[in-house]
Each structure stands twice: as structure tokens, then as C-alpha cells.
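*Asks:* Provided below are the primary sequence and the corresponding predicted coordinates.
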Amino acid sequence: MSTRKRWQDLTAMQRLMTVVMGTIQIGLLVAAQRDISRRPEGEIRGNKRMWRAITLVNYVGPILYFAYGVIR
């Protein structure tokens, strides 16, 4: 049976990587949401509501939005 580790149980490197990965994830989410807000509907494949929901999926959602959701 697996036990949950507490923050104090993590090594310094594990703590650092947790903070770094969390920052990247939030940064991607904020960038995607901001882009959806500012970009006209005609420049997005699909509708904005759909992409807002998709971007809430960790890492994958914002990356999919920037890769496939934006019409260039």
C-alpha cells in the first residue's frame, strides 16, 4: 500500500521540481486562457468555451490549444 508523502518528506530537489512544474503548468494555463480571451472567434478552431474547458487539462490542454486550436 502506498502512503502519501508530505511536503517535509520530499528532498530539496523534489520540492524544487514540484514548484517548477507547477509554475510551468499555471503559466501555460494563464497564457492559453488569455490568448482565448483576446483572440477573435474566427481565429480559433472550434468555439472558445470548448477550448477553455480543454485548457484545464494539465499540460496537455494548453499545448493542444496552441498546437491545433489557433488558426495561423
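*Replies:* Cool, got the structure. None of these values were measured; they are calculated from a predicted model. Numbers count the residues shown, from 1 in each chain.
*Asks:* After the helix or strand containing residue 25, which helix or strand is next?
*Replies:* Under the criterion of DSSP states H and E, residue 25 resides in helix 12-38. Using DSSP H and E, the helix or strand that follows helix 12-38 in sequence is helix 48-54.
*Asks:* Mind listing what's buried along that next one?
*Replies:* 51, 54 (16 or more other Cβ atoms under 10 Å). Every residue, glycine included, has its C-beta placed from N, CA and C.
*Asks:* Which positions in the helix holding residue 25 come out as buried?
*Replies:* Buried positions in helix 12-38, judged by neighbour count with 16+ other Cβ under 10 Å: 28, 29, 32, 33, 35, 36.
*Asks:* possible to save the residues you listed as a markdown table with pLDDT and distance to residue 66?
*Replies:* Putting the buried residues of helix 12-38 into a markdown table (pLDDT from 0 to 100; distance: Cβ to Cβ, whole Å) gives the following:
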| residue | pLDDT | distance to residue 66 |
| --- | --- | --- |
| 28 | 97 | 8 |
| 29 | 97 | 12 |
| 32 | 97 | 7 |
| 33 | 97 | 12 |
| 35 | 97 | 8 |
| 36 | 97 | 11 |
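*Asks:* All set now, cheers.
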